[in-house]
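A.B. asks: I'd like to go over a predicted model; first the sequence, then the structure.
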Amino acid sequence: MIHLSAPDVTEAEEAAIVRAVRSGWIAPLGPEVDAFERELADYVGRPYAVALSSGTAALHLGLLLAGVRPGDVVLCSSMTFAATANAVVYTGARPFFVDADSSGNLNPDLLARAFDEAAANGWRVGAVVPVDLLGHVVDHDRIDRIVTAHGVPMLCDAAESLGARYGGRSAAAFGELAAVSFNGNKVMTTSGGGALLLNDKESADRIRYLATQARQPAKHYEHTEIGYNYRLSNLLAALGRAQLSRLDGMIERRRRLKLRYLDLLGDRPGVRFLGQPEDEVGETRDNYWLTSLVIDPALAGFSADDIAEVLRANEVEARPLWKPLHLQPVFADAPAVIDGTSEALFERGLTLPSGSAITDEQVELIIGLIHGVVVDA
Ligand SMILES: *Cc1c(COP(=O)(O)O)cnc(C)c1O
């Protein structure tokens, strides 16, 4: 089976794990965690990083640090993975879903409308959580202006966009806080893990405290608040350091794979690729986490399903885009500002294998299968 985005692991990762095991630091925390946090903060260009057990944990603690309280609403993209909204629910707040624009990212006009609706209903907006869908950074020029005008903290869900840039800055350098993920299918992995990127030491210390069961500095176990067990282990941090050192190379491999798909399908009528146009790569650039396209079957002569079926029949994974969260049964009662864009993207979207570990032979197989659908159309 060729997966959408399988882990890309080499001898460098193996050596890092062995190094960490032999050092004797098997327990959570240790020198690999400290080094990983420094290297990650440097890579992103932000003063502090705290390594955590998952991107979801990073979102959860980020929302708590931002001061989100039970009863608040948190404005977030509808077109995202459930983890974004799950983290909101963990705090006792409610997600308030905002529809996408044609890029798949949060629509700034609808975000402004959601603020108005929250005010009209007397709801306190605890935070805004924009999501960089598939590794394409949101429109920060417009979104940040709207969020700042309302005086609400912004926690960027950069789980899909580590390594992407916007106007020369890293995706995870925006907002008061940003969460990244090292889940097995992301651009880099610690097999499972995440991190919160922050601006000041006080906040970083507070996150470390909350993530280690909120233990007060005392000889015995003293607790004055509810804590969590959310730290990343030293072994996994070693894996993360090796992955981070290879991240730019892995992103370049993903970029080249997208270019192959563009060569084949980029000029087809009725086919549109998500993400930045390839002739505009510069200060703003995607991390190419997943290559996704939207197909209008009436114009293209084939549908997203036609391609997905042929791929799946040949053991190649292909999937729709995220099902918008306002359509998910578990969030049916959540408030939402919706104009139909994410639903249309979901109906016509297709995500192709995009991992950096895909071999050249596998690429040729996939391209050949898609080509077969296109020439028959
Ligand atoms: C993967 C992902 C997460 C969750 O990260 P985990 O490390 O799997 O907990 C959160 N938000 C988005 C948008 C994601 O894609």
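C.D. replies: Yep, that arrived.

A.B. asks: Following the record's annotation, map out the domains of this protein.
C.D. replies: 11-246, 248-376 (automatic domain parsing).

A.B. asks: pLDDT score assigned to Pro277?
C.D. replies: pLDDT, Pro277: 81.

A.B. asks: Make 45 the first number, not 1, from now on.
C.D. replies: Will do, 45 is the new start, and the previous item becomes Pro321.

A.B. asks: Number of residues surrounding it?
C.D. replies: Pro321 has 9 neighbours, counted by other C-beta atoms under 10 Å. Backbone N, C-alpha and C define where each C-beta goes, glycine included.

A.B. asks: Okay, it and the ligand: tell me how far apart.
C.D. replies: 23 Å (C-beta to the nearest ligand atom, to the nearest Å).

A.B. asks: Just to be sure, Leu119 is in a strand?
C.D. replies: Yes - under DSSP: H, G, I helix; E, B strand; the rest coil, Leu119 falls within a strand.

A.B. asks: Look at it and say how many residues are nearby.
C.D. replies: The number of residues packed near Leu119 is 29, by other C-beta under 10 Å.

A.B. asks: The ligand contacts on this structure?
C.D. replies: Within reach of the ligand by C-beta under 6 Å from any ligand atom, the chain has these residues: 98-100, 124-125, 127-128, 175, 201, 203-204, 225, 227, 238.

A.B. asks: quick check, nearest of these to Ile251?
C.D. replies: For the residues of the chain next to the ligand, the closest approach to Ile251 (C-beta to C-beta) belongs to Gly238, at 11.6 Å.

A.B. asks: wait, what's in contact with that closest one?
C.D. replies: 95-102, 203, 223-227, 276 (C-beta atoms under 8 Å, 6 or more residues apart in numbering).

A.B. asks: Backbone dihedrals for Val381, please?
C.D. replies: phi -110, psi 110 (degrees, to the nearest 10).

A.B. asks: What confidence value was assigned to it?
C.D. replies: 98.

A.B. asks: Can you name the residues that contact the residue in the chain that the ligand sits nearest to?
C.D. replies: Nearest residue of the chain to the ligand (C-beta to the nearest ligand atom) works out as Gly99 at 2.6 Å. Going by C-beta under 8 Å, 6+ apart, Gly99 touches 127, 201, 203, 223-227, 230, 237-238.

A.B. asks: just curious, which of those residues is nearest to Val407?
C.D. replies: The closest of those, once distances to Val407 are taken by C-beta to C-beta, is Lys230, at 20.3 Å.

A.B. asks: and that closest one, helix, strand or coil?
C.D. replies: coil.

A.B. asks: these two touch, right, it and Tyr332?
C.D. replies: No - counting by C-beta atoms under 8 Å, Lys230 stays clear of Tyr332, with 11.9 Å between them.

A.B. asks: Mean confidence (pLDDT) on stretch 141-159, please.
C.D. replies: The model assigns stretch 141-159 a mean pLDDT of 98.

A.B. asks: then that stretch to CSV, C-alphas only?
C.D. replies: Taking C-alpha atoms only, stretch 141-159 is exported to CSV below (Å, rounded to 0.1, in the frame of the first residue of the first chain):
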residue,chain,number,x,y,z
PHE,A,141,-17.0,27.3,12.9
VAL,A,142,-16.1,29.7,10.1
ASP,A,143,-16.2,28.6,6.5
ALA,A,144,-13.3,28.6,4.1
ASP,A,145,-12.6,30.7,1.0
SER,A,146,-11.6,28.9,-2.2
SER,A,147,-8.1,28.3,-0.8
GLY,A,148,-9.6,26.0,1.9
ASN,A,149,-8.4,28.4,4.6
LEU,A,150,-10.4,30.5,7.0
ASN,A,151,-12.4,33.2,5.0
PRO,A,152,-11.5,36.6,6.6
ASP,A,153,-14.9,38.1,5.7
LEU,A,154,-16.7,35.3,7.4
LEU,A,155,-14.4,35.6,10.4
ALA,A,156,-15.4,39.2,10.8
ARG,A,157,-19.1,38.2,10.5
ALA,A,158,-18.6,35.5,13.2
PHE,A,159,-17.2,38.2,15.6
